[in-house]
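A.B. asks: Quick one, structure for this:
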Amino acid sequence: MATKTATFKAEIKELMNLIAHSMYSDQDVFLRELISNGADALEKMRLKALDDASLYGDEQDLSIYVDMNKEARTITIRDTGIGMSQAEVVEHLGTVAKSGTKALLNELKSANNEEQSSLIGQFGVGFYSAFVVADRVTVKTKKAGEDTATQWESDGVEKYQTETIEKTSRGTEVILHLREEESVNKFLEDWQVRQIITNWSNHLAAPVMMAKTGDDEEGYEQVNDAQALWTMRPKDISDEDYQKFYQMISHDFNDALVYDHKHMQSVNTEFTSLLFVPKKAPMDMYFRDYSKKGLKLYVQRVFIMDEADQFLPSYLRFVKGVIDCEDLPLNVSREILQTNPKTKAIKASITKNILKMLAKLADKQPEDYRSFWSEFGPVMKEGAAQDLANKDVLMPLLRFIDQNDAQLSLSDYVAQMKSGQEKIYYLVSDNPQAAKHSPHIERYASKGYQVLILTDRVDPFLMNTMKEFEGKPFHNVAEKDEAMTDETLEKETEKAQEEHKSDIERVKSVLDTQVSEVRFTSRLVNAPSSIVAGKDALTPHMHRLMKEAGQPVPSFQPILELNPQHALVKRLLAETADVKFEMIAQVLFDQAMMSDGGQVSDPNVFIQSMNELMASQ
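C.D. replies: Next up is the predicted model:
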């Protein structure tokens, strides 16, 4: 086949340039990444061969080989794994198939070198780290069971080329043509490459081979221990070994925040788990097509599948690690896992272990837990809204911000409640700034009550499932609260409501389809107006979320509440001219909408109305 040339997309060119010229303060990581990719290929080969042993052909060996050529200035990482078809080569190497590429680039541009390494690790494009040390990369690969082989080559700048080649053995060979720079010369030295492999890939569950040293030596020898870390006793493993293993399986350049290593045995099943919580959330964790979730599954030390998400609830999709089961069948498939009762038991056990690990972190290392929450708070809220079986464990792990920007747990809130306060108050809003200045908070703030500010997209769904904590019910301050009623003020409001009944109807007539009802309220202190949802109606916040998500929603007609004590409302009631009355009524509604984070129907009309009102003072 003739050589085919293709051009990288614009954002990919930019990403490659960043990788090659400003990333990876530690150049050694490329070797770790490529060896780790080779190990994945070996595991996939072993798995496929369980169903079809003929895939091995004449090559039973499953190893990774590392060779250097000083004269040619190349380092080659070769595996005898599953290999790739030509379509897979283009898919995996010709594009960075991630929906968040642009978001990643924006993050990279504003980050320093150390942070950039972390970000690229979160994003999971470790193959491209080869261009940190190489100005040209050649990949030769042949998929097990196929006759044709493919070569891919690129300088990592503009283009890549693919062509069909002759290759007798299965697997993938990555040849790095090293830059003419002093800093990369160490990757041509046998002892230094051996040291890097020992540092980063010693516990890789695959043999890494290098040519024997010495004038009389021939052949290859294994340079890593290749002992699966999770099979060792925790007391025999150092923190450094755990962290290196985490970085190897996760392609993350940070250490894990916390980890848990356990052997579990019950009547139903027996398994070992080694679980890690990252310091940083993956860049694409909230994208719909986020796929890098789940654990590496082994059965009796035999690799079965990558990203086995059947053992984790969706809200713990950020957890990385390994699970090794003693009593699952070796030919287990994803479909079988879905229905196997052992899967359910293991998932329940692992979930509890992770939540216990996080609870311990929150108790013993609160600052680290604060960092964890800043990264993974929204997905933990997903759990509290979905996982009813673990709700009692999850609720103490939740963290919130009050109107004074203080972060607190629900236990903290209850402990700080004012004398006589019987409810946990909260407000769902689009952003903290709008919430802190919301008219709904005024009455509570005047009494010194804390109000939890909820601004994550999951919060409305969360609060629909949270009824009480430690016997204290939750209450949305946007709704009427009998406990906050001031009898004297309430009577004055009721009297004003009756006296100005015709004016209220007049406001309702002016606003027409914009509101379902207009009424006076005693809940407001400094604000002239607010909007609230009618009974059984969507809240303004929920209405906006559903509309943005493209879901069908009924027309939005909130209730407009007016503060009869406010000067602007008094001016409205005293106005006799129809034009001015209508103007003030619309301004009061628009102000209430903006206070709730909504948009006015016509900003220019609102500005003109405000200008006229101020000029007529």
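A.B. asks: quick one: the helices in the stretch 101-250 of the chain?
C.D. replies: 101-109, 113-123, 190-201, 239-250 (DSSP state H, counting those that start in this stretch).
A.B. asks: got a list of what Q407 touches?
C.D. replies: R370, W373, R399, F400, I401 (C-beta atoms under 8 Å, 6 or more residues apart in numbering). Placement of C-beta: from N, CA and C, glycine included.
A.B. asks: bridging residues for it?
C.D. replies: The partner list for Q407 in beta bridges (DSSP bridges) reads I401.
A.B. asks: Quick check: the gap between it and H440.
C.D. replies: 21 Å (C-beta to C-beta, to the nearest Å).
A.B. asks: One more: D430?
C.D. replies: Taking C-beta to C-beta, one finds D430 at 13 Å from H440.
A.B. asks: Give me the more crowded residue out of the two.
C.D. replies: Using other C-beta atoms under 10 Å as the criterion, D430 and H440 rank with H440 on top: 24 against 16.
A.B. asks: State the distance from the more buried one to L397.
C.D. replies: Taking C-beta to C-beta, one finds H440 at 27 Å from L397.
A.B. asks: Return the set of buried residues in stretch 62-81.
C.D. replies: Along stretch 62-81, these residues count as buried under the neighbour rule (16 or more other C-beta atoms under 10 Å): 62-68, 73-81.
A.B. asks: Give me the subset of these that lies in strands.
C.D. replies: If you go by DSSP state E, the buried residues of stretch 62-81 have I64, Y65, V66, D67, M68, T74, I75, T76, I77, R78, D79 in strands.
A.B. asks: okay, those residues in TSV with distance to Q300 and pLDDT next?
C.D. replies: Compiled in TSV, these are given as follows (distance: C-beta to C-beta, whole Å; pLDDT from 0 to 100):
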residue	distance to Q300	pLDDT
I64	22	97
Y65	27	97
V66	29	97
D67	33	96
M68	36	96
T74	39	97
I75	35	97
T76	33	98
I77	28	97
R78	28	97
D79	23	97
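A.B. asks: From these, pick the one nearest V208.
C.D. replies: If you rank these by distance to V208 using C-beta to C-beta, I64 comes first, at 4.8 Å.
A.B. asks: Give the full set of residues in contact with the closest one.
C.D. replies: For I64, the contacting residues are I35, G38, A39, L42, I77, R78, D79, A206, P207, V208, M209, by C-beta under 8 Å, 6+ apart.
A.B. asks: Please render the residues you listed as a markdown table that adds distance to Q243 to the earlier fields.
C.D. replies: Shown next, in a markdown table, are the contacts of I64 (distance: C-beta to C-beta, whole Å):
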| residue | distance to Q243 |
| --- | --- |
| I35 | 17 |
| G38 | 21 |
| A39 | 18 |
| L42 | 23 |
| I77 | 23 |
| R78 | 28 |
| D79 | 25 |
| A206 | 20 |
| P207 | 22 |
| V208 | 19 |
| M209 | 25 |
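A.B. asks: avg pLDDT for stretch 581-600?
C.D. replies: On average, the pLDDT along stretch 581-600 is 86.
A.B. asks: coming back round to it: pick out the shakiest of the helices of the stretch 101-250 of the chain, pLDDT-wise.
C.D. replies: Minimum mean pLDDT among the helices of the stretch 101-250 of the chain: helix 113-123, a mean of 50.
A.B. asks: Output the below-cut-off pLDDT ranges for the stretch 1-150 of the chain.
C.D. replies: Scanning the stretch 1-150 of the chain for pLDDT under 70 picks out 1, 9-13, 15-26, 94-125.
A.B. asks: related to what we said a few turns ago, any chance of JSON lines for the ones in strands among the buried residues of stretch 62-81, columns distance to E88?
C.D. replies: Below are those laid out as JSON lines (distance: C-beta to C-beta, whole Å):
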{"residue": "I64", "distance to E88": "19"}
{"residue": "Y65", "distance to E88": "21"}
{"residue": "V66", "distance to E88": "23"}
{"residue": "D67", "distance to E88": "24"}
{"residue": "M68", "distance to E88": "27"}
{"residue": "T74", "distance to E88": "24"}
{"residue": "I75", "distance to E88": "23"}
{"residue": "T76", "distance to E88": "20"}
{"residue": "I77", "distance to E88": "18"}
{"residue": "R78", "distance to E88": "18"}
{"residue": "D79", "distance to E88": "15"}
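A.B. asks: any idea which of those is closest to I197?
C.D. replies: V66 (6.9 Å).
A.B. asks: and the gap between the closest one and K186?
C.D. replies: V66 is 14 Å from K186, by C-beta to C-beta.
A.B. asks: what is in contact with those two at once?
C.D. replies: Residues touching both V66 and K186 (C-beta under 8 Å, 6+ apart) are V193.
A.B. asks: rewinding a little: and which of the contacts of I64 is nearest to F245?
C.D. replies: Once C-beta to C-beta is applied, the member of the contacts of I64 that ends up nearest F245 is A39, at 11.8 Å.
A.B. asks: ok, how many other residues are close to the residue nearest to that closest one when sequence neighbours are not counted?
C.D. replies: Distances taken as C-beta to C-beta, 6 or more residues apart in numbering place A206 nearest to A39, at 4.3 Å, with adjacent residues excluded. When neighbours are defined as other C-beta under 10 Å, A206 has 26 of them.
A.B. asks: Understood, closing this out.
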